[in-house]
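**Q** Got a predicted model here, sequence first, then my questions.
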Amino acid sequence: MRRLRNIEEKFFRVLMFLSTSIIVIALTLIIVSILYKGLPSLTWEMISQTPKGGFYFGKEGGILNAIIGSLYLALASTILAFLIGLPVALMMNVHLVKHKKLVNAIRFFLDLLWGVPSIVYGAFGFTVMIYFGLKTSLLAGIFTVTLFIIPIMVRGMDEVLKTIPRGLMESALSLGSTSSEISYRIYIRQVISGLITSILLSFGRAIGDAASVLFTTGYTDHIPTALNQPTATLPLAIFFQLSSPIPEVQNRAYASALVLTIIILIISIASRYFSKRYQKNRIKN
Amino acid sequence: MDQKTKITISDLNLHIGKQQILKNINLEIPEKKITVILGPSGCGKTTLLKSLNRLTDLYPEMKVTGNIMIDNDDILHTGEDITRLRQKMGLLSQRPYPLPMNIYNNVAFGLRISGRKKKRFLDKRVEHYLKMANLWDEVKDRLKDPASALSIGQQQRLCLARGLAVDPDIILADEPTSALDPISSEAIEKKFVELKQQYTIVMVTHVLRQARRIADYVVFMYLGEIIEQGTAEEVFDNPKEEITKQYLKGTFN
């Protein structure tokens, strides 16, 4: 009996070690290949200039248009999705606390929306654009990406709000708080680090998604100066460069991927720093 | 009772689905006394306490019928603002839930949300209530520290100060010492005895000795029913019901 348990323990240890190794190796390979192919092409010119004539045939220029475009798009959509999503998540966990069935239905639909491929959001955004007679533009992209990341944002925040012990709400109610005071003065403070994580997750999806912006933001070599102009994005820059037959241009696709990875890295580090800073008031469960 | 009654509960029933949690509760809770609700785990003590300030509202599966009168307000069927009703009752729960903010703001929170925001006024009140809860000397130099950094015993006293700060008439305490060490427990008990000069205290406990030490009135509950109620002397020295006798002797199962 004891021997059997030991074998079982060993078996699962090996299994877990193997799966962990597979993940770590795969991720390392991706990063190494981006670095290996991208780093030599990642020049200052690449990140400080817009594409010049012949850029897509290996001549001079850079992807500043896509960097700026992606940042505009991702930042604006994340802010919008946060402003819309936070009240929804708080309402589900505070105001609607008596309506469990309704909240579970909302959760179910958000999960469904989370699973819808982003190309469908792109197509939906495109339909709406045509209806309003809009052309491909930064605004249309922001609109589509916001819709696309709202389920991610809301469910992320919902999951952290769900962990707040009921006793905290009971205590706050006994002090005479209204639901909104509980939401905005107490719950937000309690889970601020989790909220920051949700924002980061949504930002990562927003900046990394190609399909939702394919029809809606279009592509251009210029840096947008207004919301109604088409805008380049990094994922599409990667896509266009990678589909080129010229090896030099293909390597630039990896350099663009490297830029995207670095942006996400910076955002991750910053958000970790801020969530640590604001965690000190948190009440432990 | 020649004592003035603060809370009158009549024909209170509470169901969760088909299960009946509280059965025909009829109870008068006297003003400015400590009323202890005693009974084994799962007998409905906590639920009874929570129905007093309508925290039962948070649980849609609970169906409450009957009447609870507090100062002639029918709180189960009132059109009055529920937040104002709850403010009249401070709550101490089984384990302390300080708010996720610093010590000062924990006490000032209730005052701020009721519209009193002047700093000088808040400073005075915070000091006053922290002293009242015997916490001031321990925290006066670190009022800006997060409340979560305090020990459990200190947190419970902070919750007491925070509850008192909104100026309630009634203190509801749900096994307030069950998570505390003996010294902190004793501090809370002593405080309660002092506080009954000004407040009506309703405390739930399953600690018999604690009930003996501080109760004026005792309500003994078993399986959702009130078995016996009366002054501490009556219930402890001359229990009428067989079940109460067994519980007091400790031969109960």
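**A** Nice, thanks for sending it over. Residues are numbered from 1 along each chain as shown, chains lettered A, B, ... in the order given.

**Q** List the contacts of residue 193.
**A** Picked chain A for this. By Cβ atoms under 8 Å, 6 or more residues apart in numbering or on different chains, the contact set of residue A:193 is A:275, A:276, A:278, A:279, A:282. Any C-beta I mention is one placed from the backbone N, CA and C, and that applies to glycine too.

**Q** my bad, chain B
**A** Residues near residue B:193 by Cβ under 8 Å, 6+ apart: B:34, B:214.

**Q** Try it again at 10 Å.
**A** Counting by Cβ atoms under 10 Å, 6 or more residues apart in numbering or on different chains, residue B:193 touches B:34, B:201, B:213, B:214, B:216.

**Q** The last one contacts residue B:35, doesn't it?
**A** Yes - A contact is recorded between residue B:216 and residue B:35 when judged using Cβ atoms under 10 Å, the distance being 6.8 Å.

**Q** Which ones among the contacts of residue A:193 map onto helices?
**A** Counted as lying in helices by DSSP state H, out of the contacts of residue A:193, are A:275, A:276.

**Q** Quick one: buried ones out of the contacts of residue A:193?
**A** A:275, A:278, A:279, A:282 (16 or more other Cβ atoms under 10 Å in any protein chain shown).

**Q** Not counting residues beside it along the chain, what's closest to the first one?
**A** Spelled out, it's residue A:275. With sequence-adjacent residues excluded and distances taken as Cβ to Cβ, 6 or more residues apart in numbering or on different chains, residue A:275 is closest to residue A:193, at 3.5 Å.

**Q** my guess is the one you found is in a helix, correct?
**A** Yes - under DSSP: H, G, I helix; E, B strand; the rest coil, residue A:193 falls within a helix.

**Q** neighbours of residue A:260, just the number please.
**A** 23 (other Cβ atoms under 10 Å in any protein chain shown).

**Q** Give me the phi and psi for the residue nearest to it when sequence neighbours are not counted.
**A** Spatially, and ignoring its direct neighbours in sequence, residue A:260 is nearest to residue A:234 (4.8 Å; Cβ to Cβ, 6+ apart). The phi/psi pair for residue A:234 (degrees, to the nearest 10) reads phi -60, psi -50.

**Q** tell me the contacts of residue A:234?
**A** Neighbouring residues of residue A:234 by Cβ under 10 Å, 6+ apart: A:63, A:65-71, A:73-74, A:207-208, A:210, A:213, A:256-257, A:259-260, A:263.

**Q** Mind checking which of those are buried?
**A** The buried subset of the contacts of residue A:234 (16+ other Cβ under 10 Å) comprises A:63, A:65-70, A:73-74, A:207-208, A:210, A:213, A:256-257, A:259-260, A:263.

**Q** which residues in the stretch 1-150 of chain B form strands?
**A** B:5-16, B:19-30, B:34-38, B:62-70, B:73-74, B:89-92 (DSSP state E, counting those that start in this stretch).

**Q** Rebuild those as JSON lines, extending it with mean neighbour count, mean pLDDT and distance to residue B:147.
**A** What follows is those, written out as JSON lines (neighbours: other Cβ atoms under 10 Å in any protein chain shown; pLDDT from 0 to 100; distance: least, Cβ to Cβ, whole Å):
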{"stretch": "strand B:5-16", "mean neighbour count": "17", "mean pLDDT": "92", "distance to residue B:147": "30"}
{"stretch": "strand B:19-30", "mean neighbour count": "18", "mean pLDDT": "92", "distance to residue B:147": "31"}
{"stretch": "strand B:34-38", "mean neighbour count": "27", "mean pLDDT": "94", "distance to residue B:147": "27"}
{"stretch": "strand B:62-70", "mean neighbour count": "17", "mean pLDDT": "91", "distance to residue B:147": "29"}
{"stretch": "strand B:73-74", "mean neighbour count": "14", "mean pLDDT": "84", "distance to residue B:147": "32"}
{"stretch": "strand B:89-92", "mean neighbour count": "28", "mean pLDDT": "91", "distance to residue B:147": "15"}
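
**Q** Need those in a markdown table (columns: distance to chain A).
**A** Below are these laid out as a markdown table (distance: least, Cβ to the nearest Cβ, whole Å):
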| stretch | distance to chain A |
| --- | --- |
| strand B:5-16 | 13 |
| strand B:19-30 | 17 |
| strand B:34-38 | 17 |
| strand B:62-70 | 10 |
| strand B:73-74 | 15 |
| strand B:89-92 | 4 |
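
**Q** Can you add distance to residue A:126 and give those back as TSV?
**A** Compiled in TSV, the strands of the stretch 1-150 of chain B are given as follows (distance: least, Cβ to Cβ, whole Å):
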stretch	distance to residue A:126
strand B:5-16	51
strand B:19-30	54
strand B:34-38	64
strand B:62-70	49
strand B:73-74	59
strand B:89-92	54
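
**Q** tell me the pLDDT at the residue nearest to residue A:260?
**A** On pLDDT, residue A:234 comes in at 95.

**Q** pLDDT wise, what is residue B:190 at?
**A** Looking at residue B:190, the pLDDT reads 91.
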